[in-house]
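Colleague: Provided below are the primary sequence and the corresponding predicted coordinates.
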Amino acid sequence: MQTYVFVLAGGSGTRLAPLSLTGPGKLPKQFLPLVGEKTMLQQTLERIPDGQIVIVPEERYVPDIQKQCKDLPGAPGKAEILAEPFGCNTAAAVGLCALYARQKTNDDKTVLFFLPADHIMDQNIFGQLFRQAVARAADGKIITIGITPDRPETGYGYIQTGDQGDKLSVQAFVEKPDLPTAQKYLAAGNYFWNAGMFVMRIDTALQALERDAPEIYRALLGVDFTQNLSTEIARQYQIIKDKKQNISIDYAVMEKEAANMELLPAPTALEWNDVGGWIALRKYYPPDAQNNLVLDYAREKIEISGLRDLLVVNTENGILLCPQTQAQQAKEIIAGLEKKLTAETIDCQNVIIENLAERYIGVIGLTGVKVNYRTGWLEIRKL
């Protein structure tokens with residue numbers, strides 16, 4: 001049985017500024033080495049145990065992807081690239097991928113595995129789940145891999161399940177809950193985090209898209225794979241955007257296809273992490289004795305005195321300083337970075353910045369702090 005694995009590599013990763021950026025000459029998080037020496041995309045490709053791999057990025061990142069694939073042996077190094085001229089959200093991307101695989105294989109029973117390019121998880125456990133999901137999807141069902149929650153998390157969408165013999169049926173997709181609701185989900189035991197991994201045959205995917213999102217389906221049928229693909233996709237994607245159908249596959253299709261879905265539960269040993277913000281990296285970079293989380297991608301000397309619970313992100317693009325509780329506000333520094341400022345304070349009081357270099361320093365939500373920076377050395381101390 002043939003399998004096509006589509007690695008969805010769109011997204012901007014703005015909550016990981018200043019490292020993850022999308023401006024000229026910059027790269028979003030999926031093409032960067034956040035943990036270890038390899039990029040998140042490279043780690044994702046090496047995790048895939050079988051099948052023809054196809055990376056689905058925005059067109060402008062293709063040269064960087066080609067360089068990253070060259071460094072990988074075996075199937076990951078031979079991955080195909082199906083580039084989008086511009087992002088049009090995941091419903092359009094999934095439909096395009098299904099039509100691409102049909103054109104390549106001429107076999108509507110080919111199984112398609114969709115997964116994000118920017119998640120971290122255990123390779124061996126993922127390999128087991130991958131094979132189970134592909135085998136189940138061969139029967140015509142849509143299979144999603146759900147993450148077994150280990151805490152009441154408000155930052156993820158959930159999937160509610162019901163028993164169906166030895167399988168878990170999907171009852172509903174649930175939006176990100178508030179904390180009391182998340183606590184109820186954890187106690188109930190039949191709610192799983194939505195990890196954005198879906199597995200289905202070509203015919204299953206296209207029939208669901210035609211049924212649930214007919215405008216997207218009809219637009220994508222206009223793509224002629226024998227012509228210049230960039231031009232073809234751009235024209236049809238624009239039709240989808242003009243009709244305001246650039247929506248997620250969850251909203252366009254999956255929420256409506258619960259009766260035709262099964263959930264494959266992932267054990268906590270998968271150690272899944274979507275790296276949705278800087279705090280998600282605490283697991284890999286333990287804080288210091290004062291609970292300061294220091295992420296030093298520029299590899300410089302960093303000294304902190306008199307401060308606790310601080311987040312320090314030091315990159316070649318710029319420096320971010322804020323309380324860990326405000327880490328999700330990282331994207332607020334992007335405007336300052338784009339204006340090429342060298343220092344900026346947001347919601348701060350009595351913060352002094354002495355910057356002897358050209359690199360941007362953004363401080364969010366701090367009071368009574370002095371920052372000294374020169375190339376190779378960063379000092380942050382309480383006033």
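Modeller: Yep, it's here. As the structure is a computational prediction, the values presented were derived from the model and not from experiment.

Colleague: please verify my assumption that I319 contacts L19.
Modeller: No. I319 sits out of contact with L19 when judged by C-beta atoms under 8 Å, with a separation of 10.5 Å. In this view, the C-beta of every residue, glycine as well, is placed from N, C-alpha and C.

Colleague: overlap in contacts, these two.
Modeller: V313 (C-beta atoms under 8 Å, 6 or more residues apart in numbering).

Colleague: where's stretch 371-383 relative to the chain centroid, distance-wise?
Modeller: Relative to the chain's own centre, stretch 371-383 is displaced by 32 Å; criterion: C-alpha atoms, centre = their mean, to the nearest Å.

Colleague: quick one: contacts of stretch 345-363?
Modeller: 18, 316-322, 329, 332-333, 336-337, 340-344, 364-375, 383.

Colleague: ok, of those, which come out buried?
Modeller: Buried members of the contacts of stretch 345-363, counted by 16 or more other C-beta atoms under 10 Å: 18, 317-322, 329, 332-333, 336-337, 343-344, 364-366, 369-371, 373.

Colleague: just the ones in strands from those residues, please.
Modeller: Assigned to strands by DSSP state E, the following of these qualify: 318-322, 343-344, 364, 369-371, 373.

Colleague: and stretch 40-58, end to end?
Modeller: Using C-alpha to C-alpha, to the nearest Å, the end-to-end distance of stretch 40-58 comes to 16 Å.

Colleague: quick one: contacts for the closest residue to H119 other than its chain neighbours?
Modeller: In this structure, H119 finds its nearest non-sequential neighbour in D274, 5.1 Å apart by C-beta to C-beta, 6 or more residues apart in numbering. D274 is in contact with 116, 118-119, 156, 195-196, 280, counting by C-beta under 8 Å, 6+ apart.

Colleague: ok, and the most crowded of these?
Modeller: D118 (29 neighbours; other C-beta atoms under 10 Å).

Colleague: not counting sequence-adjacent ones, nearest residue to that one?
Modeller: Q30 (3.9 Å).

Colleague: how close does the one you found sit to F86?
Modeller: Note on Q30: its distance to F86, by C-beta to C-beta, to the nearest Å, is 17 Å.

Colleague: neighbour-wise, which of those two wins?
Modeller: The neighbour comparison of Q30 against F86 (other C-beta under 10 Å) goes to Q30, with 29 against 14.

Colleague: is that one in contact with A9, as I believe?
Modeller: Yes. Using C-beta under 8 Å as the test, Q30 is close enough to A9 to be in contact (5.3 Å).

Colleague: any common contacting residues for these two?
Modeller: With C-beta under 8 Å, 6+ apart, Q30 and A9 have common neighbours 41, 117-118.

Colleague: from these, pick the one nearest N190.
Modeller: For the shared contacts of Q30 and A9, the closest approach to N190 (C-beta to C-beta) belongs to D118, at 27.7 Å.

Colleague: in what helix or strand does the closest one lie?
Modeller: D118 belongs to no helix or strand when assigned by DSSP states H and E.

Colleague: and it, what pLDDT?
Modeller: D118 is assigned 95 on the pLDDT scale.

Colleague: check contacts around it.
Modeller: Contacts of D118 by C-beta under 8 Å, 6+ apart are 9, 11, 13, 29-30, 40-41, 44, 274-275.

Colleague: if we use 10 Å, what do you get?
Modeller: 7-11, 13, 16, 20, 28-32, 34, 39-41, 43-44, 196, 273-276 (C-beta atoms under 10 Å, 6 or more residues apart in numbering).

Colleague: same question, K283
Modeller: 35, 120, 271, 273.

Colleague: quick check: longest helix of the protein.
Modeller: For the chain, the helix that runs over the most residues, judged by DSSP state H, is helix 89-105.

Colleague: please export the C-alpha coordinates of the helix or strand immediately after that helix in the chain as PDB.
Modeller: Following helix 89-105 in sequence order, the next helix or strand is strand 111-116 (DSSP H and E). Written as PDB, here are the backbone C-alpha positions of strand 111-116 (Å, rounded to 0.1, in the frame of the first residue of the first chain):
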ATOM      1  CA  VAL A 111      -3.100   6.800   2.000                       C
ATOM      2  CA  LEU A 112      -2.200  10.400   2.800                       C
ATOM      3  CA  PHE A 113      -0.600  11.400   6.200                       C
ATOM      4  CA  PHE A 114      -0.600  15.100   7.100                       C
ATOM      5  CA  LEU A 115       1.500  16.400   9.900                       C
ATOM      6  CA  PRO A 116       3.000  19.800  10.900                       C
END
